[in-house]
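**Q** Below is the structure, and that's it, no one-letter string:
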């Protein structure tokens, strides 16, 4: 006999308005106070079939000390089916003091008015928190922690905290094998690693006898297939049924360890045309863009041989319900046993803009249900939807502090989905027209995958924005323009080309010996083109002029000293510039040929000298 478990989700939207106050004492429910207070308003969208709802409320200060705690019922402080209003103080300061408002859903009850709700117990229903009433089962988003909002309390100022909560609860409708509903949208989900028909289910048989052979491999034979499936409907008379899903992420412990989940393969599930996403082959998965993205160093063909997506509308039954389904099939190889799969799916009535889920986005601060897939592909079987903690396919909630949550991929008559860009945008964003917008990412190209280096790299390539990759070029430096020698060049040698050491170019110094005589400079200047000595003296004497008495730089050697030969000895080039002047006669140091000659008496002198490099 097949047992059917059906869960219905109803929604309650909680709006908490916190009016800042400095104060203490017992809160005053439902009564406006003379001093500013914390006001919490709860409004239910639809909790049909519920007589009363019990809540626990708490405000704590910045030291986590309780300002006040209270258990309230919607029948006493509201409409009896979820809504209520409550007023209480918070701890404030002139500059603002952060308080936290904590909210627990204690329970949903059949009775129209719970008269013995018990005392505040942080959501517990035992001991002082025991409630006298007939409890209705529901999936509690506050089972492990309260819903929390932070408000800054200042004297005589208002602050606001909003909670939007959607609750899942069982119902009697027999719809799918296992189902939940989101705002009266019924959903079923499962993940099948095999056809486990054993009673009770005991996982996949190791001999392959229970394998699902569905997708075709490169040889044209059907191979082992895992299937993720979700189906939903807004029900008879309901609006448009839209399904939403995140990317499927597989962590095969290639880029992380077993304790950290990091996606090695990311699968986009929204095929433009239902069916195979890849071309089966030796590298069919690696080439399956834009549907599959591999992390660096990961070869998807080691784990998968095909991926397919099937989505559509089931034939209407007598009730006229709009039933939508979305199945993602993975053609798996033996190495898949090292992988774990994670994904999230949900559903929406596309015609209802009054809920907290519109256009694929869960509103900021909303608590909205979803179906979470967290499947160990090495030990999974036929995994049914469950609310049990740790289940491979389980109901889940977004948290009140998560901010807006977007589901990128959607199918259905009014679903909003992320645009397709092929190739996938490595950086930047995918525009609605299917092209990549690189923006200020530092990349360019059709896929925004080509880094930009504003100053071109002398060697190598631009490996990242404004970063040159010199690998294998023999050069280093920011622009790969500095040759690298290994081992390093010795003293008086320079690395002039990769692994090439040459004598270091001559440079004038403040004092140095040249062919047995001491040459001094009052200042030196070194450029890539020349080396310069200012106020050049040889054993205290200037070199002669013999050319020009108008002070200035001239590209000619002295008639009384072979400065061309002098520079050639130093820099291996006869190109020079000399600064000549005529201050009066004096003995000058003369250079001729390969050495120093007799001093000469000249009324001019060489003040400074530039010897150029070849």
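**A** It's in. Predicted, not measured: the structure shown is a model, and the values here were computed from it.

**Q** what are the ranges of the helices in this structure?
**A** Taking DSSP state H as the test, the helices found in the chain are 74-77, 563-571.

**Q** export these to TSV and tack on mean pLDDT?
**A** Output for these, formatted as TSV (pLDDT from 0 to 100):
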stretch	mean pLDDT
helix 74-77	74
helix 563-571	91
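
**Q** between those, which one is nearest to residue 377?
**A** Residue 377 sits nearest to helix 74-77 of all the helices of the chain, at 44.3 Å, using Cβ to Cβ. Using the backbone N, CA and C atoms, a C-beta is placed for each residue, glycine as well.

**Q** what's the burial count for residue 61?
**A** Other residues within reach of residue 61, judged by other Cβ atoms under 10 Å, total 17.

**Q** Quick one: residues contacting it.
**A** Listed by Cβ atoms under 8 Å, 6 or more residues apart in numbering, the contact partners of residue 61 are 67, 90-91, 97, 99.

**Q** If we use 6 Å, what do you get?
**A** Counting by Cβ atoms under 6 Å, 6 or more residues apart in numbering, residue 61 makes contact with 67, 91, 99.

**Q** which one is it nearest to, not counting chain neighbours?
**A** residue 91 (4.0 Å; Cβ to Cβ, 6 or more residues apart in numbering).

**Q** phi, psi of the one you found?
**A** phi -90, psi 120 (degrees, to the nearest 10).

**Q** mind starting the numbering at 27 from now?
**A** Done: numbering now begins at 27, and the last item shifts to residue 117.

**Q** Now do it, the pLDDT please.
**A** With respect to pLDDT, residue 117 has a value of 77.

**Q** cool, and the one 3 residues further on?
**A** Predicted confidence (pLDDT) at residue 120: the value is 78.

**Q** on that earlier part again, near the residue nearest to residue 87, how many other residues are there?
**A** Neighbours of residue 117 (other Cβ under 10 Å): 23.

**Q** Pretty sure it sits against residue 91.
**A** No: using Cβ atoms under 6 Å, residue 117 is not in contact with residue 91, being 8.1 Å away.

**Q** okay, the helices of the chain in a markdown table with mean neighbour count and distance to residue 469 next?
**A** Putting the helices of the chain into a markdown table (neighbours: other Cβ atoms under 10 Å; distance: least, Cβ to Cβ, whole Å) gives the following:
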| stretch | mean neighbour count | distance to residue 469 |
| --- | --- | --- |
| helix 100-103 | 21 | 54 |
| helix 589-597 | 21 | 45 |
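
**Q** of all those, which lies closest to residue 412?
**A** Of all the helices of the chain, helix 100-103 sits nearest to residue 412, with 29.1 Å by Cβ to Cβ.

**Q** what's the offset of the closest one from the middle of its chain?
**A** Taking Cα atoms, centre = their mean, to the nearest Å, one finds helix 100-103 lying 44 Å from the centre of the chain it belongs to.

**Q** do stretch 612-629 as well
**A** Offset of stretch 612-629 from its chain centre (Cα atoms, centre = their mean): 75 Å.

**Q** Name all residues that make contact with residue 179.
**A** Contacts for residue 179 (Cβ under 6 Å, 6+ apart) come out as 46, 116, 118, 123, 125.

**Q** Bridge partners for the fourth one, pull those for me.
**A** With DSSP bridges applied, the residues forming beta bridges to residue 123 are residue 179.

**Q** Next, count neighbours for it.
**A** The tally of other residues near residue 123 (other Cβ under 10 Å) stands at 19.

**Q** That one and residue 174, how far apart?
**A** Here residue 123 is placed at a distance of 16 Å from residue 174 (Cβ to Cβ, to the nearest Å).

**Q** Select, out of the helices of the chain, the one closest to residue 236.
**A** Comparing those by Cβ to Cβ, helix 100-103 comes nearest, at 48.9 Å.

**Q** Against which helices or strands is that closest one packed?
**A** Under the contact criterion of 3 or more Cβ pairs under 6 Å, 6 or more residues apart in numbering; DSSP states H and E, helix 100-103 touches strand 78-86, strand 110-114.

**Q** Least reliable of the ones you listed by average pLDDT, please.
**A** Of all the helices and strands packed on helix 100-103, mean pLDDT reaches its minimum on strand 110-114 (a mean of 60).

**Q** what residues are up against the nearest residue to residue 624 once chain neighbours are set aside?
**A** Nearest non-adjacent residue to residue 624, counting by Cβ to Cβ, 6+ apart: residue 616, 6.7 Å away. Listed by Cβ under 6 Å, 6+ apart, the contact partners of residue 616 are 586-587, 623, 626.

**Q** ditto for residue 351
**A** Contacts of residue 351 (Cβ under 6 Å, 6+ apart): residue 257.

**Q** Look up which residues are beta-bridged to it.
**A** Counting by DSSP bridges, residue 351 forms beta bridges with residue 257, residue 338.

**Q** quick one: it from residue 598, how far?
**A** Distance, residue 351 to residue 598, using Cβ to Cβ: 82 Å.
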